[in-house]
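> sequence and computational prediction follow.
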Amino acid sequence: MGRNESKLNNPELDLFFEAVLKLENIDECYNFFEDVATINELKALAQRIHVAKMLKEKKIYTEIAENTGASTATISRVNRCLNYGTGGYNLILDRLEGNRK
């Protein structure tokens, strides 16, 4: 799904994503995201990518919940996105996996 097809498409979000793409390393990410988001928002986002990674590794819900602290509702939502979403999780997880090889 491209930008023009997204329900979220708007100039403010474009600016935010352009800003994210300018970040060059993890330290810059910490500095930027700590300024623009709350700790709880960042933890929720980090939890979702962790859940997605574990789902892709074929882990079961109870193991994912124990390891991440995510609710079954969050796990279900991430699983739905992995299987029927825009492909964003899979794209990033595949790229992350490629970096580890």
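Yes, it's here.
> name the SS class of the nearest residue to residue 81 once chain neighbours are set aside, please.
Nearest residue to residue 81, sequence neighbours excluded (CB to CB, 6 or more residues apart in numbering): residue 89, at 5.8 Å. No exception for glycine: its C-beta is placed from N, CA and C like everyone else's. In three-state terms, and counting by DSSP: H, G, I helix; E, B strand; the rest coil, residue 89 is helix.
> in this structure, which helix or strand is least confident?
helix 88-100 (a mean of 90; mean pLDDT, DSSP states H and E).
> who's in contact with the nearest residue to residue 67 once chain neighbours are set aside?
With sequence-adjacent residues excluded and distances taken as CB to CB, 6+ apart, residue 67 is closest to residue 54, at 6.7 Å. When contacts are counted by CB atoms under 8 Å, 6 or more residues apart in numbering, residue 54 touches 63-64, 67-68.
> just among those residues, which is most surrounded?
residue 64 (23 neighbours; other CB atoms under 10 Å).
> returning to that earlier point: only the buried residues of the least confident helix or strand of the chain, if you could.
Buried residues in helix 88-100, counted by 16 or more other CB atoms under 10 Å: 89, 93.
> residues in contact with that helix?
Contacts of helix 88-100 (CB under 8 Å, 6+ apart): 49, 52-53, 56, 78, 81-82.
> you'd agree residue 72 is up against residue 60?
No - with contacts counted by CB atoms under 8 Å, residue 72 stays clear of residue 60, the gap being 11.2 Å.
> distance of residue 50 relative to residue 98?
From residue 50 across to residue 98, the span is 18 Å (CB to CB, to the nearest Å).
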